[in-house]
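Visitor: fold the following, please.
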Amino acid sequence: MKVRVSFKLLCLAVVAVSAVAVMAQVTGRTTLTVGSGSQPPSGNQSLLHGATVDANNQPSVAIPSGWTLVQAQGFEGTAPSTESWSGAVSTDRPHTGTHSLQDNVDHDQAGPAWWGGGSTLGTFTSVYLSYWEFVDSNAAANDEWNLGDLTKYDSSGNFMQEISPGLLGQSFNTLTPPLTMGPQSPKPNGVINIYYGPNVNLNPGAWHQWEISWTPNSPGSSNGAFAIYRDGTLLLSASNQNLNGTIDMSGSALRAGGQYTKLLWTNNAQGTGTCTPLGTGTGIEFQGGGTSFASIAAVCQPPAPAFKRFLDDVIVIKR
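Guide: The predicted model follows:
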């Protein structure tokens, strides 16, 4: 069950885990600037701005020099064996072509999500994801709005490390949540941290392009990097970082999109407690998670808006 404590307690908890996290939490929403060295791509320029995918799953732009196309998906057919799709293929709101991947965001842990990577990704120094996202005009953010994930599992399928970008709500039904990048791991040789970027204007009711680059650090070194772009504009990046400890991220699973989290906030982490504002009590996945927004609102107001979320034109490149 997912539990999220108040921001003050979260700050103290993360401080105890990582010295880098002290800076990220205590300074609040810190936009980490682009550094030199391992930061991909160089400078502030995104690599695939405006890129889409045709009916044959071919990108509309040339692959940058030094990079290799790994996967591209426009959702005009069925999922190949190298991919997994969470949600439904829909003709309601395509970005290009006639289809996109859609889910109804009316419950905790709603999607949609595209999964790839793994053995198809193989070994890499950097991996770069581009995709387009649309949400209905009434959409708003609450606890977590996942944008993607680079996740390593061991040969037995055990979760080792993820490096996950997202929008982390700090008030109910906000239209301007802060952008974050969050390494998470249950392993002592992994990394738990959170990097804060600027508040992002959701601007719902329009298509927006996300571009995310990951360069995991060499095991045991601090030479990792990441960058997050929206509509071609760099919003959050860092270089020379320890993102994954001594865990080798080769063969990682890669996700575009992901879950929307809506927690129940009370003073005692129970459904019988006193309701509190988001971030001032303890948030729990009510009834074990997956609960409808209506059922959560029946215990604690305000209700989250139900909306549709669409993904399209997924492109993955590596070097």
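
Visitor: make it CA atoms for all contacts and neighbour counts henceforth
Guide: Fine.

Visitor: if you count neighbours, what's buried in stretch 284-298?
Guide: For stretch 284-298, a neighbour-count test (16 or more other Cα atoms under 10 Å) marks 284, 285, 286, 289, 290, 291, 292, 293, 294, 296 as buried.

Visitor: over to stretch 125-145?
Guide: Buried-residue list, stretch 125-145, by 16+ other Cα under 10 Å: 125-136, 139-145.

Visitor: how about stretch 66-74?
Guide: By neighbour count on 16+ other Cα under 10 Å, the buried set for stretch 66-74 is 69, 70, 71, 72, 73, 74.

Visitor: do you know how far the residue nearest to the spatial centre of the chain is from residue 245?
Guide: When the chain is reduced to its mean C-alpha position, the nearest residue by Cα atoms, centre = their mean turns out to be residue 147, at 2.8 Å. Relative to residue 245, residue 147 is positioned 22 Å away (criterion: Cα to Cα, to the nearest Å).

Visitor: go on, residue 51?
Guide: In this structure, residue 51 lies at 33 Å from residue 245, with Cα to Cα as the measure.

Visitor: more crowded one of the two?
Guide: Neighbours were counted for residue 51 and for residue 245 using other Cα atoms under 10 Å; residue 245 has more, 25 against 17.

Visitor: show me what contacts that one?
Guide: With contacts defined as Cα atoms under 8 Å, 6 or more residues apart in numbering, residue 245 is in contact with 189, 190, 191, 217, 219, 220, 221.

Visitor: helix or strand: which one has it?
Guide: Secondary structure here is read from DSSP states H and E; on that basis residue 245 sits in neither a helix nor a strand.

Visitor: spatially nearest residue to it (excluding sequence neighbours)?
Guide: Counting by Cα to Cα, 6 or more residues apart in numbering, residue 245 lies nearest to residue 190, which is 4.7 Å off, once chain neighbours are set aside.

Visitor: got it, and residue 213?
Guide: On the basis of Cα to Cα, 6+ apart, the spatially nearest residue to residue 213 that is not a chain neighbour turns out to be residue 128, at 4.3 Å.

Visitor: show me the beta-bridge partners of that neighbour.
Guide: residue 213, residue 317 (DSSP bridges).

Visitor: please apply the same query to residue 165.
Guide: Here residue 165 sits in beta bridges with residue 181, going by DSSP bridges.

Visitor: does it touch residue 179 like I think?
Guide: Yes - at 7.5 Å, residue 165 counts as touching residue 179 under the criterion of Cα atoms under 8 Å.

Visitor: the stretch 1-150 of the chain: helices as residue ranges?
Guide: In the stretch 1-150 of the chain, helices defined by DSSP state H, counting those that start in this stretch lie at 7-17, 19-26, listed in chain order.

Visitor: and these, which one's lowest on average pLDDT?
Guide: Out of those, the stretch the model trusts least by mean pLDDT is helix 19-26, with a mean of 27.

Visitor: circling back to that earlier point, could the buried residues of stretch 66-74 be laid out in JSON lines, adding pLDDT and distance to residue 302?
Guide: Conversion of the buried residues of stretch 66-74 to JSON lines gives the following (pLDDT from 0 to 100; distance: Cα to Cα, whole Å):
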{"residue": "69", "pLDDT": "98", "distance to residue 302": "44"}
{"residue": "70", "pLDDT": "97", "distance to residue 302": "43"}
{"residue": "71", "pLDDT": "97", "distance to residue 302": "40"}
{"residue": "72", "pLDDT": "98", "distance to residue 302": "39"}
{"residue": "73", "pLDDT": "98", "distance to residue 302": "37"}
{"residue": "74", "pLDDT": "98", "distance to residue 302": "36"}
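
Visitor: which ones among those residues map onto strands?
Guide: Using DSSP state E, the subset of the buried residues of stretch 66-74 located in strands is 69, 70, 71, 72, 73.

Visitor: can you tell me how far the second one is from residue 126?
Guide: So the one you mean is residue 70. In this view, residue 70 and residue 126 are 12 Å apart by Cα to Cα.

Visitor: the third one too?
Guide: In this structure, residue 71 lies at 14 Å from residue 126, with Cα to Cα as the measure.

Visitor: hang on, the earlier thing: so what's the residue nearest to the centre of the chain up against?
Guide: For residue 147, the contacting residues are 164, 165, 166, 167, 256, 257, 258, by Cα under 8 Å, 6+ apart.

Visitor: with that, I have no additional questions.
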